[in-house]
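[1] sequence isn't available, so here's the structure alone:
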Ligand SMILES: Cc1cc2nc3c(=O)[nH]c(=O)nc-3n(C[C@H](O)[C@H](O)[C@H](O)COP(=O)(O)OP(=O)(O)OC[C@H]3O[C@@H](n4cnc5c(N)ncnc54)[C@H](O)[C@@H]3O)c2cc1C
């Protein structure tokens, strides 16, 4: 006989863990299944932990504002330090084009109550000590954004969900969905069958495989990105910096880095062209490009000692925004998929809204904003997320 739960979450990742936590907090009996051996071991652990509400899409701004509130209050709420550092995000502008892009987004960002403004070059030099002054025109600064450790967060959300009665089962791959008519009523793994009236697909880069089991064709395709981390150094840098100029020889679309709560410099870039597929091998070109980009922005980082590099995957959608909500035509299946490069920062906000949708019938953020990320939207519409 299949074990019975109120909700099953497929994937103990950036989104699945907070979703399980908020569902368990509502009193539901929750089962979380992951094919890996522990929580947060998918793409969650590849994230560098940047958490910002600085986006161009109203739904992402609003969900990430919720995430920021949850991350910022986590230590007080649970007693656990997850490496939260409120240092803000800075998008410096070294040319007219970047200035026009980041200033152009301010009206939307401010309309959705994001604390962000344009600062002149002298102020940016105060916020980012040691920034290269050559050509610096100013930049945007959002002081309420920050950073969190993705592994500490996964561990803590899991522990808090379990404390509220959630069950985690690792090394189990969901291979089939149990159906009654059109409805999904549970899942099957190589180990057993589990029934629940709600199944949440939070399977990250493999989310389209799960949806395909219910006959849904979701265009979520992985592309790969490298990241790295230095040895710790004396804290000097509060915000995360995002440089959206094309990098050396036009090989990057943007480059971002910051200093975490342990003093390590953590960094990543978006390669140009993007690299589709699931390869996780490190490339020979990553560090030379990072070194040139980083020293260009903050010259004093030229003596940095690099500890480790890695490569992970973004679960990409055509328009660069997640797909959230009830699956059209498949009662019982809820989608929390296609997080692109921002699944860690979206996780708690998404989890809270989805739990509210499942339990109370409407998300915790205004429905008209949440519905902008609906599975029924035109995923190929020309309006794309500008800061994806
Ligand atoms: C280098 C790099 C830097 C990044 N930096 C940031 C950042 O600073 N901030 C940010 O917000 N995001 C960042 N990201 C993106 C972020 O890592 C992802 O968007 C996020 O982890 C996706 O969350 P998820 O919950 O959808 O997937 P995951 O965290 O990967 O979770 C999905 C889980 O589902 C499990 N699963 C899949 N299929 C099955 C199945 N059939 N049965 C059972 N289990 C299954 C997987 O094992 C996995 O654990 C970065 C990514 C990379 C690669």
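    Received it, and whenever you're ready, just let me know what you need. Values in this document were obtained by computation on a predicted structure and should not be read as measured data.
[2] okay, CA-based contacts and neighbour counts for the rest of this
    Fine.
[3] three-state assignment of the residue nearest to residue 48 when sequence neighbours are not counted?
    The spatially closest residue to residue 48, leaving aside those adjacent along the chain, is residue 266, at 6.4 Å (C-alpha to C-alpha, 6 or more residues apart in numbering). Under DSSP: H, G, I helix; E, B strand; the rest coil, the three-state class of residue 266 is strand.
[4] which strand or helix spans residue 97?
    Under the criterion of DSSP states H and E, residue 97 resides in helix 96-111.
[5] what is the helix or strand just after that helix packed up against?
    Remark: after helix 96-111, the chain's next helix or strand is strand 117-120, criterion DSSP H and E. Judged by 3 or more C-alpha pairs under 8 Å, 6 or more residues apart in numbering; DSSP states H and E, strand 117-120 is in contact with strand 138-142.
[6] just checking, what packs against the strand it packs on?
    For strand 138-142, the packing partners by 3+ C-alpha pairs under 8 Å, 6+ apart come out as strand 89-93, helix 96-111, strand 117-120, helix 121-127.
[7] out of the ones you listed, nearest to the ligand?
    For the ligand, the closest of those is strand 89-93, at 11.3 Å, according to C-alpha to the nearest ligand atom.
[8] chain center to that closest one: distance?
    For strand 89-93, the separation from the chain centroid amounts to 19 Å (computed by C-alpha atoms, centre = their mean, to the nearest Å).
[9] ok, now stretch 207-214?
    Centre-to-centre, stretch 207-214 and its host chain are 21 Å apart (C-alpha atoms, centre = their mean).
[10] need the residues of the stretch 151-300 of the chain near the ligand, please.
    Residues of the stretch 151-300 of the chain that fall close to the ligand, judged by C-alpha under 6 Å from any ligand atom: 172-174, 202-204, 206, 225-227, 268.
[11] and the longest helix for this structure?
    helix 58-78 (DSSP state H).
[12] quick check: mean pLDDT across it?
    What helix 58-78 shows for mean pLDDT is 97.
[13] strands along the stretch 151-300 of the chain, start to end?
    For the stretch 151-300 of the chain, the strands defined by DSSP state E, counting those that start in this stretch cover 167-169, 174-180, 183-189, 193-195, 198-201, 221-232, 240-243, 252-259, 264-271, 275-276.
[14] that older thread, a markdown table for the helices and strands packed on strand 138-142, including mean pLDDT?
    What follows is the helices and strands packed on strand 138-142, written out as a markdown table (pLDDT from 0 to 100):
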| stretch | mean pLDDT |
| --- | --- |
| strand 89-93 | 98 |
| helix 96-111 | 95 |
| strand 117-120 | 98 |
| helix 121-127 | 98 |
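[15] next, count neighbours for residue 168.
    21 (other C-alpha atoms under 10 Å).
[16] tell me which residue is most central in this structure.
    For the chain, the residue nearest the mean C-alpha position is residue 343 (2.0 Å; C-alpha atoms, centre = their mean).
[17] just confirm residue 355 is within a helix.
    Yes - secondary structure of residue 355 (three-state DSSP): part of a helix.
[18] could you say which helix or strand contains the closest residue to it other than its chain neighbours?
    Nearest non-adjacent residue to residue 355, counting by C-alpha to C-alpha, 6+ apart: residue 23, 5.1 Å away. Secondary structure from DSSP H and E places residue 23 in helix 16-25.
[19] mind listing what's buried in the helix holding residue 97?
    For helix 96-111, burial by neighbour count (16 or more other C-alpha atoms under 10 Å) applies to 98-99, 102, 105-106, 109.
[20] what's it in contact with?
    54-56, 58, 61, 91, 93, 116-118, 137-140, 244-245 (C-alpha atoms under 8 Å, 6 or more residues apart in numbering).
[21] tell me how far the closest residue to residue 145 other than its chain neighbours lies from residue 6.
    Nearest non-adjacent residue to residue 145, counting by C-alpha to C-alpha, 6+ apart: residue 88, 4.2 Å away. For residue 88, the distance to residue 6 (C-alpha to C-alpha, to the nearest Å) stands at 38 Å.
[22] of these two, which one has the most company?
    residue 88 (25 against 17).
[23] for the spatially closest residue to residue 301 that is not a sequence neighbour, give me the pLDDT.
    Leaving aside its sequence neighbours, residue 301 sits nearest to residue 295 (C-alpha to C-alpha, 6+ apart; 5.8 Å). Residue 295 is assigned a pLDDT of 97 by the prediction.
[24] pretty sure residue 295 sits against residue 304.
    No - taking contacts as C-alpha atoms under 8 Å, residue 295 lies outside contact range of residue 304: 9.7 Å.
[25] just give me the neighbour total for the residue nearest to residue 221 when sequence neighbours are not counted.
    Excluding the flanking residues, the one nearest residue 221 by C-alpha to C-alpha, 6+ apart is residue 316, at 5.2 Å. By the criterion of other C-alpha under 10 Å, residue 316 has 24 neighbours.
[26] residue contacts, residue 316?
    Counting by C-alpha under 8 Å, 6+ apart, residue 316 has contacts 205, 220-223, 338-341.
[27] which one of these has the most neighbours?
    residue 338 (31 neighbours).
[28] low-confidence ranges in this protein?
    For the chain, the stretches flagged by pLDDT under 70 are 382-388.
[29] what is the burial count for residue 173?
    Applying other C-alpha under 10 Å, we find 18 residues neighbouring residue 173.
[30] now it, nearest residue through space, not along the chain?
    Residue 173's closest residue in space is residue 35 (C-alpha to C-alpha, 6+ apart), at 4.5 Å.
[31] likewise for residue 226?
    The shortest distance from residue 226 to any residue other than its chain neighbours is 4.1 Å, reached at residue 311 (C-alpha to C-alpha, 6+ apart).
[32] and this protein, what are its domains?
    Per the record, the chain has its domains at 3-62+150-220+319-373, 86-145+221-316, by automatic domain parsing.
[33] highest mean neighbour count out of the ones you listed?
    Among the domains of the chain, ranked by average contacts under mean count of other C-alpha atoms under 10 Å, first place goes to domain 3-62+150-220+319-373 (a mean of 22).
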